[in-house]
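1. Got a predicted model here, sequence first, then my questions.
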Amino acid sequence: MLLALAWAGSATAATAADSPVATRERLAALRADVAHHDKLYHQEATPELSDYDYDQLKQRLRALETAFPELARETPTVAEIGDDRSGLFQTYRHRERMLSLDKSYAEADLRAFHARLAKLLGRGELAYVVEPKFDGFAVSATYEKGKLVRVVTRGNGTEGDDITANAIMIRRLPRTLRAGSEGDGGSPPSSPIPDLLELRGEIFVSFAEFARINAEREAAGEALFANPRNLATGTIRQRDAGVVERRHLEIVFYGVGAYVPLSAQPPTQHGLTEQLRRWGVPAVENSWMARGVGELWAAVQALDRARAGFPFPTDGAVVKLDEVALQREAGATDHAPRWAMAFKFAPARAETQLRAIVVQVGRTGVLTPVAEFAPVELAGSTITRASLHNRDEILRRDIRVGDFVFIEKAGEIIPAVVGVNRARRPAEARAFVFPTACPVCQTAVAQRAGEVAVRCPNAACPAQLRRRLEHFASRECVAIDGLGPATIDALVERGAVKDVVDIYRLRRADLLALGKDASKSSDRLLAAIETSRRAELWRFVHGLGIPQIGAVTAKEVARRFGGLDALLRTAPGDFGGDATGRALAAFFAEPRNRATVEGLLAAGVRPTAPATATAAFSGRLTGKIFVLTGTLPTLTRAQATEKIEAAGGKVAGSVSRNTHYLLAGADPGAKREQARTLGVPVIDEAAFLALLREE
Ligand code: IVH
């Protein structure tokens, strides 16, 4: 862990004395490290190093490559590493290469950048734009005659993953560029829509959405996303565009690749931003103009102060020469333009001693190790604990109790252990022995094939039961006021509650037996339990804690099925072939889970069905049979199928007299003729979407 620290100063210090063989080995080792962390960062979205350390590592490699150009030529360079292609999508070649940016960390780097440009361009006073460095991942969106045709990731800079099907789920991504009216109301006239335009930008997730999704995952016992960027990357890589739709991704555009005709390109960076806005494209909203290096540094600092108030994550500033003519004159190296530079802000970091590792048992039995530190101040709050995720994580990173560790706030929110200060390891630091038995019920732990999580397999474990009850009674689920952790602990301890069903069997005497301040609060709690019997159906579905089913999916399930009884009656094969269907089938295959749901109904729980449930099931798509053909303009086949099934319809493979609609896209083939012959209505995507809306 923390290779960057071990390497500090070594790239230059060691090189003078080293033999070429040693340097070649050092270079190879450093490249292997970079490649390893690069893969984790770009392709798997599970980085082990903090961004800062990762950048430092790459800087060291670049320094070594510059010092030994002959050796550097023998193996792939940093520019060639840094590939986000996942193998899951078709790849697509960019018209213009997508470059990366050189990074700087100190005022001196920025001054050197300016000095280089001033010399190169032969002028001292240069105009710059300073923009936030959005912390998501880079994409290129192609518009042909103003119509969105494709969204592709950076990939290796030359070609990337075609993620169009997922990207179109992003609400703010325009499908068409809005043609501006000439010179209306004094605003500058909009340029004509280019024949071809590659817009360069970033997909990211706001802090609010990051918090919402992690809260849901925590409640469902699922692994949390370490930061908003990992969430954005993990989401856009989903095979199921429905997942993308349920997570609210943001997009911003800050540059262009190909621009045809080139002569129509706005002459400045700030002009481009204004033009994008007139076309209805989300563009950079917080930027600073600066003239000369003094103003440039002031602008970067102003951005650093302002970014605390931004609703999205930024890890630095991007400084760009404003004039496009000068940008062209300055040109680019093989991996980055000479006219722009990223300035990275160092994350808030603190060092503290790891006092203990405690193990918590979650709702689904997962054992989570949590680090407890000597309290330390970090970005305005006092930190005492951070999750260490799982057993393997502790082993892999060799974190020992007693170690001095570095803490950062990932995505500025959740504190995380980002490294161990090996140099300060006390002699008495000892390796943590992960428990082989549940710390609460003493059952031997188990690990499922292919999972890193270690679990307590005892479904009756009091720790799991407490977490399940807390979840069920929480505001996000059936919302039973007064049934908090303390009351739950007391009820579980006395054996009064062994399952969520038992909540509805509680009598006044059971509550009074808890002692405390007795009758008044007992009556209030009984009243709250009573009210919750009629909570909305999705709250019960969410409250059951079905793996993979959070609040948003629970709402879909409620709309689709309309009642707990309908879920019980559904045959395993009829839940649907998507991820939600599989999760429901697995849950309802367990007799214990069925008993809980049957018990709830027997105990008089009557969830309120969603208003649309009946509509969806007696509406026009119920029993309707669709056949799909050709390529639809925005929906994939899987997405269209999902929509049809969600509204109660079915999809068949071939057209017959029983077919209700043929949904046809481009190049429909023989099916359209068959439909015509049989008198089956042929509809396009727009008509199909309209049909869904009528539901
Ligand atoms: S301009 C040719 N502007 O930072 C330069 N990039 O580390 C094109 N980024 O690959 C990039 N915010 O993904 C630019 N305001 C901004 C940016 C930005 C974030 C990303 C981009 C780039 C990376 C370099």
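-> Yes, it's here. Numbering: from 1, shown residues only.
2. And the contacts of the strand or helix carrying residue 601?
-> Element membership for residue 601 (DSSP states H and E) is helix 591-602. With Cβ atoms under 8 Å, 6 or more residues apart in numbering as the test, helix 591-602 has contacts from 459, 499-501, 504, 540, 544, 564-565, 567-568, 587-588. Yep, even glycine has a C-beta here, placed from its N, CA and C like the rest.
3. likewise stretch 112-124?
-> By Cβ under 8 Å, 6+ apart, stretch 112-124 touches 102, 104, 126, 292-293, 296, 319, 321, 326, 329-330, 338-339, 341.
4. Let's see which of these end up in helices.
-> Counting by DSSP state H, the part of those found in helices is 292-293, 296, 326, 329-330.
5. Please tell me how far residue 32 sits from residue 422.
-> 20 Å (Cβ to Cβ, to the nearest Å).
6. Apologies, that question was intended for residue 514.
-> For residue 514, the distance to residue 422 - Cβ to Cβ - is 50 Å.
7. Look at these two and report which has more neighbours.
-> The neighbour comparison of residue 514 against residue 422 (other Cβ atoms under 10 Å) goes to residue 514, with 18 against 13.
8. Secondary structure element holding that one?
-> Using DSSP H and E, no helix or strand contains residue 514.
9. residue contacts, it?
-> Residue 514 touches 487, 490-491, 494, counting by Cβ under 8 Å, 6+ apart.
10. Going through those, which ones are buried?
-> Among the contacts of residue 514, those buried by neighbour count (16 or more other Cβ atoms under 10 Å) are 487, 490-491.
11. So residue 131, which state does it fall into?
-> strand (DSSP: H, G, I helix; E, B strand; the rest coil).
12. any idea how far it is from residue 636?
-> 34 Å.
13. pLDDT at the most centrally placed residue in the chain, what is it?
-> In the chain, the centroid-proximal residue (Cα atoms, centre = their mean) is residue 231; its distance is 1.3 Å. Per-residue pLDDT puts residue 231 at 91.
14. and it, backbone torsions?
-> phi -60, psi -40 (degrees, to the nearest 10).
15. For residue 249, see how far away it is.
-> Distance from residue 231 to residue 249, by Cβ to Cβ: 9 Å.
16. can you check residue 422 too?
-> From residue 422 to residue 249 the distance is 38 Å (Cβ to Cβ).
17. Same question for residue 143.
-> From residue 143 to residue 249 the distance is 19 Å (Cβ to Cβ).
18. who touches residue 459 in this structure?
-> Taking Cβ under 8 Å, 6+ apart as the test, what residue 459 contacts is 365, 592.
19. Now the phi/psi pair for it, please.
-> phi -60, psi -20.
20. Same check on residue 257?
-> phi -100, psi -110.
21. didn't it look like it was pressed against residue 93?
-> No: counting by Cβ atoms under 8 Å, residue 93 is not a contact partner of residue 257; they are 11.4 Å apart.
22. More neighbours: these two, which one.
-> Remark: of residue 257 and residue 93, residue 257 carries more neighbours, 18 against 10, as counted by other Cβ under 10 Å.
23. Please read off the pLDDT at the more buried one from the model.
-> 96.
24. how close does it sit to the ligand?
-> To the ligand, residue 257 is 9 Å away according to Cβ to the nearest ligand atom, to the nearest Å.
25. What is the distance between stretch 337-350 and the centre of its chain?
-> The chain centroid and the centroid of stretch 337-350 are separated by 22 Å, computed with Cα atoms, centre = their mean, to the nearest Å.
26. ok, that stretch near the ligand or not?
-> Yes: using Cβ under 6 Å from any ligand atom, stretch 337-350 reaches the ligand at 337, 340, 342.
27. taking these one by one, which sit in strands?
-> 340, 342 (DSSP state E).
28. In PyMOL, how would I select the buried members of the residues of stretch 337-350 next to the ligand?
-> In PyMOL, this line selects whichever of those come out buried by 16+ other Cβ under 10 Å:
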select buried, resi 337+340+342
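29. got the residues of stretch 337-350 next to the ligand as a markdown table, with pLDDT columns?
-> Shown next, in a markdown table, are the residues of stretch 337-350 next to the ligand (pLDDT from 0 to 100):
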| residue | pLDDT |
| --- | --- |
| 337 | 96 |
| 340 | 98 |
| 342 | 96 |
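30. More neighbours: residue 131 and residue 636, which one.
-> A count of neighbours by other Cβ under 10 Å puts residue 131 above the other of residue 131 and residue 636, at 26 against 15.
31. didn't that one look like it was pressed against residue 287?
-> Yes: when contacts are counted by Cβ under 8 Å, residue 131 is listed as touching residue 287 (4.7 Å).
32. re earlier: which one is the residue nearest to the centre of the chain nearest to, not counting chain neighbours?
-> residue 225 (4.1 Å; Cβ to Cβ, 6 or more residues apart in numbering).
33. From the ligand, how far out is the closest residue to residue 688 other than its chain neighbours?
-> With Cβ to Cβ, 6+ apart as the criterion, residue 688 has its nearest non-adjacent residue at 5.2 Å, and that residue is residue 663. Distance, residue 663 to the ligand, using Cβ to the nearest ligand atom: 37 Å.
34. which secondary structure elements does the helix or strand where residue 663 lies contact?
-> Taking DSSP H and E as the criterion, residue 663 maps to strand 661-664. Using 3 or more Cβ pairs under 8 Å, 6 or more residues apart in numbering; DSSP states H and E, the elements in contact with strand 661-664 are strand 625-629, helix 670-678, strand 682-683, helix 685-694.
35. Of those, give the one that comes closest to the ligand.
-> helix 685-694 (31.6 Å; Cβ to the nearest ligand atom).
36. Please compute how far the closest one lies from its chain's middle.
-> 30 Å.
37. Next: stretch 362-376.
-> On Cα atoms, centre = their mean, the centre of stretch 362-376 falls 22 Å from that of its chain.
38. Stretch 158-176 too?
-> On Cα atoms, centre = their mean, the centre of stretch 158-176 falls 15 Å from that of its chain.
39. so, in contact with the ligand or not, that stretch?
-> No: looking at stretch 158-176 against the ligand by Cβ under 6 Å from any ligand atom, there are no contacts, and the closest approach is 11.4 Å.
40. Let me see the mean pLDDT of that stretch.
-> Mean predicted lDDT for stretch 158-176 stands at 93.
41. do the same with stretch 508-526
-> Per-residue scores along stretch 508-526 average to 83.
42. Pull out the buried positions in that stretch.
-> Those would be 510-511, 514, 522, 525-526, for stretch 508-526 by 16+ other Cβ under 10 Å.
43. Repeat that for stretch 235-254.
-> Applying 16+ other Cβ under 10 Å to stretch 235-254 flags 235-238, 241-254 as buried.
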